[in-house]
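In: Starting from these lines, generate the structure:
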Amino acid sequence: MTETRHSAAGEIDVADAAEVFADWLAEFATALGKGSEVELQACLHPSATWRDFMAFPWDFHHAVGGEQSAGRLTELAKEWSASGFSVSSEQEPFVSGDDIMGFFDFTTSDRINRGFARLVREGSRFVAFTLQTQVVSLAAFPERTRHRRPEGKVYGVVPGRTRWADDRNEESSFENRDPAVLVLGAGHNGLALAARLGALDVPTLVIDREARIGDTWRKRYASLALHSTVYGDHLPYLPLPVTWPAHTPKDKFANWLETYASTLDLNVWTSTTFLNGHYDEATERWTIRVQMGDGSIRELHPRHFIVAGGMFGAPRIPEIAGLREYRGVAVHSDEFQDGDRYAGKKVLVIGSGVSGHEIAHDLWEHDADVTMVQRTSTYVVTYPTYHRFWSTLFTEDMTLSPEFADQMTYALPSERVDELNKELVQLAKEADSELLSALEARGFKLNWGPDGTGIIGAHMSGKDSYQIDIGASQLIADGRINLRQGVEVKEIRDGTTVVFTDGSEMHDVALIVFATGYHQFWGHIGPVLGSAAAKIDKAYGRAADGEYANTWRRSAQPGLWFGTGFIRMARFYSRFTALLIKAIEEGIEPVDPEGRTR
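Out: The predicted structure is shown next:
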């Protein structure tokens with residue numbers, strides 16, 4: 001077994017950590033090679049978990065407990081011919097607290113993979129408590145990066161040479177051919193997927209109804225900035241510059257998306273509206289109708305259709321009596337822009353999620369008399385606390401590249417993620433206790449996310465009732481933003497008077513902002529996909545197996561894919577969707593594996 005080694009100071013050092021990890025990996029590989037479940041289990045902690053991202057079967061799956069993990073690994077290693085285990089040459093093992101973190105490379109029958117293991121002390125030896133494996137590339141079809149990058153201009157004599165700009169125009173027009181993949185949505189999810197597919201030489205087209213790439217961000221309220229950190233906001237192949245601001249304004253991010261698409265030569269049609277689609281099971285192709293910017297209709301026949309929207313769809317506005325007769329301005333948060341036009345005026349913000357708070361914040365900073373309606377309760381965490389506990393691997397001085405940090409971030413199965421989030425929510429609650437107590441004293445109602453799992457749990461259950469505070473919460477706690485809690489707007493009377501369900505009234509209201517959330521993004525697309533949509537019960541959220549439902553993996557409908565989530569998720573998960581599509585395109589995998597042999 002792998003024995004514990006200590007430095008003279010009594011703590012394990014980097015050199016010892018590397019030796020311990022190499023010894024553990026050798027024992028691990030030997031056990032797998034022999035097909036010995038007993039020996040493999042001895043390499044794992046009794047409470048160990050294993051999560052796999054398409055290094056073995058072409059899907060996501062996980063196991064909880066050393067016994068279950070060893071059994072499943074032994075079975076799949078034999079089926080998929082796992083071999084060639086070696087310590088990563090790109091990232092050496094390192095010490096974190098009392099644990100050893102290490103990465104390793106290996107192959108399966110048609111893939112090159114990478115693993116991660118967190119080793120913990122068990123008596124006098126180290127065993128794996130956390131194990132993660134993932135596909136990195138297809139052995140026969142590597143990405144066109146670095147030494148395999150496109151040639152660009154071929155030097156020498158080339159009769160009839162064409163110009164690069166003409167070639168790009170021809171490629172992106174798809175005038176006499178169909179893309180293999182059609183992506184709906186030119187946000188970070190769609191562009192990340194297109195970049196991954198492009199590097200794999202899979203002809204891909206992205207369509208977006210907006211006039212410019214990034215307009216979905218440009219059109220949102222002026223004060224908006226990303227709530228993620230710059231250190232984790234890189235997209236595939238093109239990291240953000242080291243001069244990039246710590247907090248990315250929404251217009252800057254919109255421009256970056258446009259730059260990203262241009263720099264990576266992605267094929268994007270803007271001002272293009274998706275109309276409807278039909279999937280032919282016999283030909284395994286889609287018929288997709290889109291309306292171009294000039295009003296003409298174009299019909300495309302891709303083999304794969306990816307819905308790559310944000311996590312939410314159309315804005316949701318409640319039915320309110322008298323709203324049509326309202327003489328002020330009523331907008332959803334999706335349409336709201338600036339607070340500087342409402343100085344000295346009464347404004348009402350309905351909703352207490354992130355958008356509601358930030359719009360109220362913006363209006364208050366521009367001298368409006370702001371009232372927020374909190375209809376139920378909200379999970380609140382401050383921006384510094386959120387990143388202190390949930391972004392520990394993504395900092396200014398991060399020692400791992402985003403690729404390795406991502407692998408560690410997504411190493412735990414959902415059961416353990418929930419447990420961890422509950423612990424972090426309690427730590428965050430303690431760190432923010434002064435603000436949270438002041439909010440409660442003002443009458444603001446708090447929650448801690450579904451079953452105490454905070455923001456992550458809220459997203460997984462399709463809820464957006466949370467607030468990452470950058471100032472608005474303190475304004476509420478201080479009474480500078482007025483609060484109406486536990487009420488709804490019953491009606492609007494006399495053109496400018498808002499009547500609440502408790503009978504109270506607010507007069508001379510110049511602006512109403514409905515920060516009332518969005519419908520689930522699958523809801524508005526399903527009805528125009530005909531029978532293909534019938535197989536999809538939901539997109540995003542958790543499936544019965546604890547992994548994402550129909551998202552970033554094969555969906556229940558062959559040829560239909562979904563990609564949605566945060567920037568960090570898009571960077572990590574887009575790799576697997578792209579590689580699986582490439583495997584299908586090259587005949588390594590069938591479109592629909594049901595009833596077929598590999």
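In: What's the separation between L420 and P142?
Out: As judged by C-beta to C-beta, to the nearest Å, L420 and P142 stand 35 Å apart. Using the backbone N, CA and C atoms, a C-beta is placed for each residue, glycine as well.
In: actually G295, not the one I typed
Out: Distance, G295 to P142, by C-beta to C-beta: 42 Å.
In: Counting neighbours, go ahead and name the busier of these two.
Out: Comparing G295 with P142 by other C-beta atoms under 10 Å, the one with more neighbours is P142, at 15 against 6.
In: Wait, that one touches R148, no?
Out: Yes - at 6.0 Å, P142 counts as touching R148 under the criterion of C-beta atoms under 8 Å.
In: Let me see the residues that make contact with stretch 97-106.
Out: 12, 17-18, 20-21, 24-25, 29, 55, 82-95, 112-121, 126, 129, 133, 404, 407-408 (C-beta atoms under 8 Å, 6 or more residues apart in numbering).
In: so how far is that stretch off the chain centroid?
Out: Relative to its chain's centre, stretch 97-106 lies at 25 Å (C-alpha atoms, centre = their mean, to the nearest Å).
In: and the closest residue to N550 other than its chain neighbours, how many neighbours?
Out: Spatial nearest neighbour of N550, excluding adjacent residues (C-beta to C-beta, 6 or more residues apart in numbering): A539 at 4.9 Å. Per other C-beta under 10 Å, the neighbour tally for A539 reads 24.
In: pLDDT score for A539?
Out: Per-residue confidence (pLDDT) for A539: 85.
In: Okay, buried residues for the lengthiest helix in the chain please.
Out: As assigned by DSSP state H, the longest helix anywhere in the chain is helix 14-34. Using 16 or more other C-beta atoms under 10 Å as the test for burial, helix 14-34 gives 16-18, 20-25, 27-29, 31-32.
In: Any regions of the stretch 301-450 of the chain where pLDDT drops low?
Out: The model of the stretch 301-450 of the chain has pLDDT under 70 over residues 310-313.
In: At which residues are the helices of it located?
Out: For the stretch 301-450 of the chain, applying DSSP state H, counting those that start in this stretch gives helices covering 354-365, 383-390, 402-409, 414-431, 433-441.
In: what residues does stretch 165-178 touch?
Out: Applying C-beta under 8 Å, 6+ apart, the external contacts of stretch 165-178 come out as 203, 205, 265, 267-269, 300-302.
In: What helices and strands are in contact with the helix or strand harbouring K490?
Out: In this structure, K490 sits in strand 489-493 according to DSSP states H and E. Counting contacts by 3 or more C-beta pairs under 8 Å, 6 or more residues apart in numbering; DSSP states H and E, strand 489-493 packs against strand 497-500.
In: wait, doesn't E67 sit right on A42?
Out: No - at 11.2 Å, E67 does not count as touching A42 under the criterion of C-beta under 8 Å.
In: If you count surrounding residues, which of the two has more?
Out: Shown here are E67 and A42; by other C-beta under 10 Å, A42 has more neighbours (18 against 14).
In: Okay, strands next: where are they in the stretch 451-598 of the chain?
Out: 466-469, 482-485, 489-493, 497-500, 505-506, 509-514, 518-520, 560-562 (DSSP state E, counting those that start in this stretch).
In: and the fifth one, average pLDDT?
Out: Across strand 505-506, the average pLDDT comes to 96.
In: Kindly state the beta-bridge partners for F53.
Out: Beta bridges link F53 to F60, Q134, judged by DSSP bridges.
In: neighbours around it, how many?
Out: So F53, with other C-beta under 10 Å, has 27 neighbours.
In: Does it touch Y410 like I think?
Out: Yes - if you go by C-beta under 8 Å, F53 and Y410 touch, sitting 7.4 Å apart.
In: which residues do those two both contact?
Out: Q132.
In: just to revisit the earlier point, which residues are contacting the strand holding K490?
Out: Contacts for strand 489-493 (C-beta under 8 Å, 6+ apart): 318, 320-323, 325-326, 348, 350, 373, 498-501, 505, 512.
In: Give the ChimeraX command for selecting the buried subset of the residues you listed.
Out: To isolate the buried members of the contacts of strand 489-493 in ChimeraX, using 16+ other C-beta under 10 Å:
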select :320,322,326,348,350,373,498,499,500,512
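In: closest to Y518 among the contacts of strand 489-493?
Out: Set against Y518, the nearest of these by C-beta to C-beta is P318 (13.0 Å).
In: what's the spacing between the closest one and N482?
Out: Taking C-beta to C-beta, one finds P318 at 20 Å from N482.
In: can you check A556 too?
Out: Look at A556 and N482: by C-beta to C-beta, they are 47 Å apart.
In: In terms of neighbours, single out the busier of those two.
Out: Counted by other C-beta under 10 Å, A556 and N482 do not tie: N482 has more neighbours, with 19 against 13.
In: rewinding a little: could you dump the strands of the stretch 451-598 of the chain to CSV with distance to D105?
Out: Output for those, formatted as CSV (distance: least, C-beta to C-beta, whole Å):
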stretch, distance to D105
strand 466-469, 37
strand 482-485, 55
strand 489-493, 59
strand 497-500, 62
strand 505-506, 63
strand 509-514, 51
strand 518-520, 39
strand 560-562, 28
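In: partners of V498 in the sheet?
Out: In this entry, V498 is beta-bridged to I492, M506, by DSSP bridges.
In: these two touch, right, it and E505?
Out: Yes - the pair V498 / E505 is scored as a contact, 6.7 Å apart, by C-beta under 8 Å.
In: Tell me how many other residues crowd the closest residue in space to A533 that isn't next to it in sequence.
Out: Distances taken as C-beta to C-beta, 6+ apart put G526 closest to A533, at 4.0 Å, once the chain neighbours are dropped. Using other C-beta under 10 Å, G526 is surrounded by 17 other residues.
In: got it, and R341?
Out: Counted with other C-beta under 10 Å, R341 comes out at 13.
In: likewise G123?
Out: With other C-beta under 10 Å as criterion, G123 counts 9.
In: do you know how far A17 is from G102?
Out: Counting by C-beta to C-beta, the gap from A17 to G102 is 8 Å.
In: next one: A55
Out: Distance from A55 to G102, by C-beta to C-beta: 16 Å.
In: now do D537
Out: 39 Å.
In: So for those two, which residue has more residues nearby?
Out: More crowded of D537 and G102, by other C-beta under 10 Å: G102, with 23 against 11.
In: Relative to the whole chain's centre, how far out is the host helix or strand of the more buried one?
Out: Assigned by DSSP H and E, G102 belongs to strand 99-108. Taking C-alpha atoms, centre = their mean, the mean C-alpha location of strand 99-108 is offset from the chain mean by 24 Å.
In: so for the next helix or strand after it, what's the average pLDDT?
Out: Following strand 99-108 in sequence order, the next helix or strand is strand 111-122 (DSSP H and E). Mean pLDDT, strand 111-122: 97.
In: quick one, strand 111-122 and helix 402-409 angle?
Out: Here the directions of strand 111-122 and helix 402-409 differ by 50 degrees (axes from the mean of the first three to the mean of the last three C-alpha atoms, to 10 degrees).
In: Quick check: the farthest pair among the buried residues of helix 14-34?
Out: The widest separation within the buried residues of helix 14-34 (C-beta to C-beta) is 24.6 Å, between D16 and L32.
In: any idea what sits nearest I100, other than its immediate chain neighbours?
Out: Distance criterion C-beta to C-beta, 6+ apart; nearest residue to I100, sequence neighbours excluded, is L119 at 4.2 Å.
In: how much space is there between V95 and M101?
Out: Applying C-beta to C-beta to V95 and M101 gives a distance of 8 Å.
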